[in-house]
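Visitor: predicted model follows, preceded by the sequence.
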Amino acid sequence: MTDARTRALALRDGFVAQGGVIVEPPILQSAELLLDLYGEDIRARAYVTSDALRGEQMLRPDFTVPVVQMHMAHGAEPARYTYAGEVFRRQEDDPDRANEYLQTGYEVFDRADPAAADAEVFALISQAVTHLDLRAATGDIGILLAAVDGLRTTDRRKEALRRHIWRPRRFRALLDRFAGRAPLPSSRAALLAGDVPNEAPLTGMRTQTEIDDRIAALRADAQEPPISAAEMDSLDALLAVRETLPFAVQQLRNLSADLPAIVPAVRRVDQRIDALAKRGVDVDQLGFETSFGRTSMEYYDGFVFGLYAEARPDLPAIASGGRYDALTRRLGNGQEIPAVGGVLRPGLVAQLEAAS
Amino acid sequence: MTVKLGVPSKGRLMEKTFEWFAKRGVHLSRTGSDREYAGEVSGVDCVSLVLLSAGEMPRELAAGRIHLGVTGTDLVHEKLPRWEQQVEPVAEMGFGHADLILAVPQGWVDVDLTEDLDAVAAVFRARHGFRLRIATKYHRLVRDFLRDAGVADYALVDSQGATEGTVANETAEAIADITSSGETLRANHLKVLSDGLILASQATLWRSRVAEVSDADRQILRGLLERLR
């Protein structure tokens, strides 16, 4: 047995001792489901294979999706799961990054006390590697989601922003457009003025009605006032929060005077700080960034965290995780349950241990 | 000890390549019957000709089986991840111009930019129950481009030929394909997005960074490249 595998199983044993039930999801996953969740980008990250009977299948790029599926299909509540096994990630840019590696994870499905569940997952995972002296980063996607929901603008604009929360550049471009900070493209101006001649017949499945509806929606949007400069400033300040937790939450509280919609989300950060402290986490030293986790996989919608080896900036996160309530809703056929989880990379853990 | 030069094995691309080399005093020709893929080089010593399909050139360069090869930028970028580390462009040859572009129906008067396409994709998915389909054979280039442009809710569908026809046939809503004059696009009632240029391609002479070179080869290669650059 390799060091990494020994380490993976030992870490899993640790989670079993904390109440985790061992699960072993299949390696082959339905490509349709993953494509539905992540879109075409997943093809750049996951290996696709196929057969004539089942069509396209993917080698699991992570455990979270199959564990959620399994729990939503026949899990009892509350539930704690743990697992250890390979995940597969296509690497098209960097040959030094592994395309097959082990993950050991711990996932909690529990409605009773989300803050306590966040703290439980973070504490168990970080304490499993406390000897490696890793730097922890945390964030909360829920803060930004709440801020967008609370903007004094149309639902259509908020929906467009929500859709691109995980694509920071597009999000910024939309925000600047809605705030009137970015000039209207000339083609859009011409369209609004009814000045786009077209002689060609319409081809394809998108109908004239769909086109007319969008033009009507764009005209209606053009009549809407821009998002105010004050709101934009508050949002920029919110996105820039990057501090140790106690200072960060103070800044968030100050900002919530101008962004009242974030008050409940900030309260959840407060509750999480208490829960983390109860678990023995040194919250005074723990970093918090509002923008953390926005470029990772889309399913995290609350607390997010990562653990990094500071002496090895070449390595990816040694551990990562977060809350994914919305994913349980997507996969639950009408059911949902608050859920949070995280994974360690035993191969990197073993590598760091061997080096120290 | 010979330097292996890969050139396209047929058609206009081959003829243009032969002309380009001839202008620089390197004479390439096919030998044997019309159907035999063999050729020879005169005007320089110790260079042998390898006739290949342009689509295989990137792979042969990356494997180091040829030292130099002529093929389009589009094929190198699509087929070789991190192509910069495997091949080096020696000269752009000034022909075989083709742009990889993103096109939508001309009737979509509300769509001119990738941001429009993204907005349309969101609504299309909600209305039709599946993601807006883009037909292409350049999967990697198109996916990278759309990710950079922040387009979501689309699906790539594979199309190895007659891609411009997929929209009218309702197997795709948009296409990403190579075009030189744009005539086929117009004939199929398609238009290029204003910011939809994915890659401007032309025939290019590439040098393999991984092919083994003996000291003698190096001399030959240096001499040859001096004439070609």
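Guide: Right, received. Where do you want to start? Numbers count the residues shown, from 1 in each chain, chains lettered A, B, ... in the order given.

Visitor: what pLDDT does the model give residue 31?
Guide: The chain I'm using is chain A. With respect to pLDDT, residue A:31 scores 90.

Visitor: meant chain B, my bad for not saying
Guide: So, for residue B:31, pLDDT stands at 83.

Visitor: now it: phi and psi?
Guide: phi -120, psi 170 (degrees, to the nearest 10).

Visitor: I figured it hits residue B:39, correct?
Guide: Yes. Residue B:31 is in contact with residue B:39 according to CB atoms under 8 Å; the separation is 5.8 Å. In short, each C-beta sits where N, CA and C put it, glycine included.

Visitor: in which helix or strand would I find residue 216?
Guide: Unless you meant another one, I'm taking chain A. If you go by DSSP states H and E, residue A:216 is part of helix A:208-223.

Visitor: let's do chain B instead
Guide: helix B:215-228.

Visitor: which residues sit against that helix?
Guide: B:1-3, B:21, B:24-26, B:44-47, B:67-68, B:90-91, B:205, B:207, B:213 (CB atoms under 8 Å, 6 or more residues apart in numbering or on different chains).

Visitor: give me the buried entries from those residues.
Guide: Among those, those buried by neighbour count (16 or more other CB atoms under 10 Å in any protein chain shown) are B:3, B:21, B:26, B:44, B:47, B:67, B:68, B:90, B:91, B:205, B:207, B:213.

Visitor: for the third one, which non-adjacent residue is spatially closest?
Guide: When the adjacent residues along the chain are set aside, residue B:26 lies closest to residue B:43, with 4.8 Å between them (CB to CB, 6 or more residues apart in numbering or on different chains).

Visitor: which pLDDT value belongs to residue B:58?
Guide: 96.

Visitor: hmm, it is touching residue B:74, no?
Guide: No. If you go by CB under 8 Å, residue B:58 and residue B:74 don't touch, sitting 10.0 Å apart.

Visitor: which residues in the stretch 151-300 of chain A form helices?
Guide: Using DSSP state H, counting those that start in this stretch, the helices of the stretch 151-300 of chain A run over residues A:155-163, A:168-178, A:186-192, A:208-223, A:229-239, A:245-255, A:263-278.

Visitor: give me the number of residues near residue A:224?
Guide: 12 (other CB atoms under 10 Å in any protein chain shown).

Visitor: please determine how far the residue nearest to it when sequence neighbours are not counted is located from chain B.
Guide: Distance criterion CB to CB, 6+ apart; nearest residue to residue A:224, sequence neighbours excluded, is residue A:154 at 5.7 Å. Using CB to the nearest CB, to the nearest Å, residue A:154 is found at 14 Å from chain B.

Visitor: show me what secondary structure element comes after the lowest-mean-pLDDT helix or strand in chain B.
Guide: Here the helix or strand of chain B ranked lowest by mean pLDDT, DSSP states H and E is strand B:38-42, holding a mean of 84. Sequence order places strand B:47-52 as the next helix or strand after strand B:38-42, per DSSP H and E.

Visitor: elements contacting that next one?
Guide: strand B:3-8, strand B:38-42 (3 or more CB pairs under 8 Å, 6 or more residues apart in numbering or on different chains; DSSP states H and E).

Visitor: dump the helices of the stretch 151-300 of chain A to JSON lines, plus distance to residue B:192, mean pLDDT and mean neighbour count.
Guide: What follows is the helices of the stretch 151-300 of chain A, written out as JSON lines (distance: least, CB to CB, whole Å; pLDDT from 0 to 100; neighbours: other CB atoms under 10 Å in any protein chain shown):
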{"stretch": "helix A:155-163", "distance to residue B:192": "25", "mean pLDDT": "96", "mean neighbour count": "16"}
{"stretch": "helix A:168-178", "distance to residue B:192": "21", "mean pLDDT": "94", "mean neighbour count": "18"}
{"stretch": "helix A:186-192", "distance to residue B:192": "13", "mean pLDDT": "93", "mean neighbour count": "16"}
{"stretch": "helix A:208-223", "distance to residue B:192": "18", "mean pLDDT": "96", "mean neighbour count": "14"}
{"stretch": "helix A:229-239", "distance to residue B:192": "34", "mean pLDDT": "95", "mean neighbour count": "16"}
{"stretch": "helix A:245-255", "distance to residue B:192": "44", "mean pLDDT": "96", "mean neighbour count": "18"}
{"stretch": "helix A:263-278", "distance to residue B:192": "43", "mean pLDDT": "97", "mean neighbour count": "18"}
